[in-house]
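S.K.: Prediction below, plus the sequence it came from.
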Amino acid sequence: MQLQESQEKNPGSKIDQDKSTSDLTLGLSDNLFLKILEKLPQAPYPCSLVCKRWFRLHGLLRHSIKLKEWSFLESGQMTSRFPNLTDVDLTIACVPPPKNSAIFLTNQFLRIQLSPEVYDPFLIEKFILEQQLLPSSLDMGLKILAECCQGLQRLCVVDVRRPAFDQFRLFRKPVMNGVHEEIGKEASKVGLKQSTEEKKAGFPNTEIGLACIAKNCQMLQELELHHCTDESLSAISACHNLQILRLVGSIEEFYHFSFSDIGLTKLALNCKRLLKLELSGCDGSYDGIAAIGQCCFMLEELTLVNQDFDEGWIAALSYCSNLKTLRLENCKRIDTNPGPVEHLGFCPALERLQLVRCNLRDKVGFAALVLVCAAVKELEFQDCWGLEDEVFKLTINCRRLSLEGCSLLSTAGLETVLLGLKDLQRLRVVSCNNIKETEITPSLASLFTVLKEFKWRPDTKSLLAASIAGFEIGQKGRRYFKRA
């Protein structure tokens with residue numbers, strides 16, 4: 001009776017008693033309970049809503065995040081909520097989206113949410129300049145991230161700082177009805193406003209945030225950097241343990257920045273453990289690629305996107321002695337003047353050459369590239385312009401050949417090259433409309449029967465696989481991969 005009267009007078013004591021008896025996890029240590037939470041499915045993940053303890057432990061389990069609002073980082077809430085982050089993507093938060101807009105412009109590098117008034121490339125770049133963060137905000141957020149997440153291993157960020165005379169060079173184009181001139185003036189006002197506010201905040205025009213990341217996050221292994229300049233490369237050159245690096249200087253119809261041999265040389269002298277390197281929108285030359293090859297001995301994969309290198313850069317590839325994969329993408333030209341053949345050299349360890357949406361009309365540049373890549377085992381062409389029969393004849397001997405979207409290549413040109421490839425084992429032909437099945441000769445058909453891997457779909461009406469099913473194409477491959 002007395003216990004019942006005391007509980008009626010003090011209801012809270014009854015609640016605490018029921019909680020202590022119902023919550024059986026209170027007797028478990030945090031380390032043991034974390035192991036239990038790790039076994040639960042990630043989505044949905046409502047365990048953080050149970051109580052404050054579960055909320056705190058759930059934050060310890062989160063290792064990756066894609067930030068959408070910069071204030072969450074700048075206020076310190078992100079690092080206090082998730083102290084064990086190792087993978088952070090800040091690209092979306094660096095360009096805050098407008099309100100009440102569902103228009104998205106996507107690219108393989110970036111995804112931007114636009115306002116309805118933006119409808120052409122000039123307005124897109126102006127919109128990005130207006131919406132992106134101030135350099136002072138970027139520095140403050142990166143400093144907080146570097147101090148609180150020193151175990152960071154992967155980072156994607158947009159370096160919004162850049163010189164005022166470079167950021168608006170897109171607008172210095174022929175004036176049409178005064179529209180481009182007005183856009184350039186407005187963009188200049190935006191840059192002046194940003195630099196004024198940055199000085200008021202007490203931040204000099206240096207790469208403070210990136211330098212803090214390089215200094216404190218010694219375990220950083222993968223970095224994706226947009227708006228890359230030579231100053232950016234100087235700041236990240238202290239990341240001695242970088243293994244995967246993606247540098248984006250310019251994206252067509254998004255923004256236009258660049259980095260040169262100066263930045264590449266600083267990078268090569270300090271980041272010697274690189275395994276994969278991707279350069280997009282780089283204004284480099286022979287010196288920059290040679291510095292990468294001479295200093296980064298472990299480099300195995302090199303990707304060049306929208307490259308605008310000076311003449312003679314192909315010869316520098318020979319310095320990449322351990323390079324295994326070379327990928328050229330969206331290259332309007334390869335090398336108009338590669339130099340004498342005896343000075344080109346070659347990559348002895350190269351195994352794969354990929355050409356994606358490249359202009360191959362320059363026979364001299366393509367021939368020089370083929371000579372440097374003479375040791376390749378896999379050769380891939382995808383949606384390349386100018387891959388005619390005469391250019392395709394320069395193809396070197398390889399074990400695997402892939403052709404996709406090569407509409408100028410004819411059946412005769414394909415047969416001439418295939419009959420000369422003595423080591424060919426795998427062939428893939430997709431969406432090559434100029435290749436006709438009716439023009440296939442018996443010698444070419446007999447070659448198809450000995451291939452280990454064969455995919456034939458030059459157009460939607462292709463019936464070759466069904467018509468020669470009796471030849472048992474790929475029989476060797478099936479026997480090789482037969483289950484025991």
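M.R.: Perfect, thanks for sending it.

S.K.: Tell me the secondary structure of E278, please.
M.R.: The assignment at E278 comes out as strand when based on DSSP: H, G, I helix; E, B strand; the rest coil.

S.K.: Return the distance of it relative to I92.
M.R.: For E278, the distance to I92 equals 20 Å [C-beta to C-beta, to the nearest Å]. Where C-beta positions appear, they are placed from N, C-alpha and C, glycine not excepted.

S.K.: And the strands in the stretch 151-300 of the chain?
M.R.: Applying DSSP state E, counting those that start in this stretch to the stretch 151-300 of the chain gives strands spanning 154-158, 222-226, 244-248, 250-251, 255-256, 276-280.

S.K.: what lines up beside the first one in the sheet?
M.R.: Looking at strand 154-158 with DSSP bridges, its paired strands and their directions are strand 87-89 (parallel), strand 222-226 (parallel).

S.K.: for the fifth one, same thing?
M.R.: Here strand 255-256 has these sheet partners by DSSP bridges: strand 250-251 (antiparallel).

S.K.: just to revisit the earlier point, okay if I get the strands of the stretch 151-300 of the chain as JSON lines plus distance to R352, mean pLDDT and mean neighbour count?
M.R.: Output for the strands of the stretch 151-300 of the chain, formatted as JSON lines (distance: least, C-beta to C-beta, whole Å; pLDDT from 0 to 100; neighbours: other C-beta atoms under 10 Å):
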{"stretch": "strand 154-158", "distance to R352": "24", "mean pLDDT": "93", "mean neighbour count": "22"}
{"stretch": "strand 222-226", "distance to R352": "21", "mean pLDDT": "93", "mean neighbour count": "22"}
{"stretch": "strand 244-248", "distance to R352": "17", "mean pLDDT": "94", "mean neighbour count": "22"}
{"stretch": "strand 250-251", "distance to R352": "25", "mean pLDDT": "75", "mean neighbour count": "22"}
{"stretch": "strand 255-256", "distance to R352": "30", "mean pLDDT": "73", "mean neighbour count": "22"}
{"stretch": "strand 276-280", "distance to R352": "13", "mean pLDDT": "94", "mean neighbour count": "21"}
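
S.K.: Turn these into CSV, columns for distance to E404.
M.R.: Below are the strands of the stretch 151-300 of the chain laid out as CSV (distance: least, C-beta to C-beta, whole Å):
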stretch, distance to E404
strand 154-158, 29
strand 222-226, 27
strand 244-248, 24
strand 250-251, 24
strand 255-256, 29
strand 276-280, 21
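
S.K.: of all the ones you listed, which lies closest to N337?
M.R.: strand 276-280 (20.5 Å; C-beta to C-beta).

S.K.: Can you spell out which helices and strands pack onto the closest one?
M.R.: If you count contacts as 3 or more C-beta pairs under 8 Å, 6 or more residues apart in numbering; DSSP states H and E, strand 276-280 packs onto strand 244-248, strand 301-305.

S.K.: Give me the residues contacting the first one.
M.R.: It refers to strand 244-248. Strand 244-248 is contacted from outside by 109-110, 221-228, 233, 259, 267, 271, 274-282, using C-beta atoms under 8 Å, 6 or more residues apart in numbering.

S.K.: Measure how it sits relative to strand 154-158, angle-wise.
M.R.: 10 degrees (axes from the mean of the first three to the mean of the last three C-alpha atoms, to 10 degrees).

S.K.: what does the last one give?
M.R.: For the pair strand 301-305 and strand 154-158, the angle between their directions (the same axes, to 10 degrees) equals 10 degrees.

S.K.: can you give me how far strand 301-305 is from the chain middle?
M.R.: The chain centre lies 10 Å from the centre of strand 301-305; the measure is C-alpha atoms, centre = their mean, to the nearest Å.
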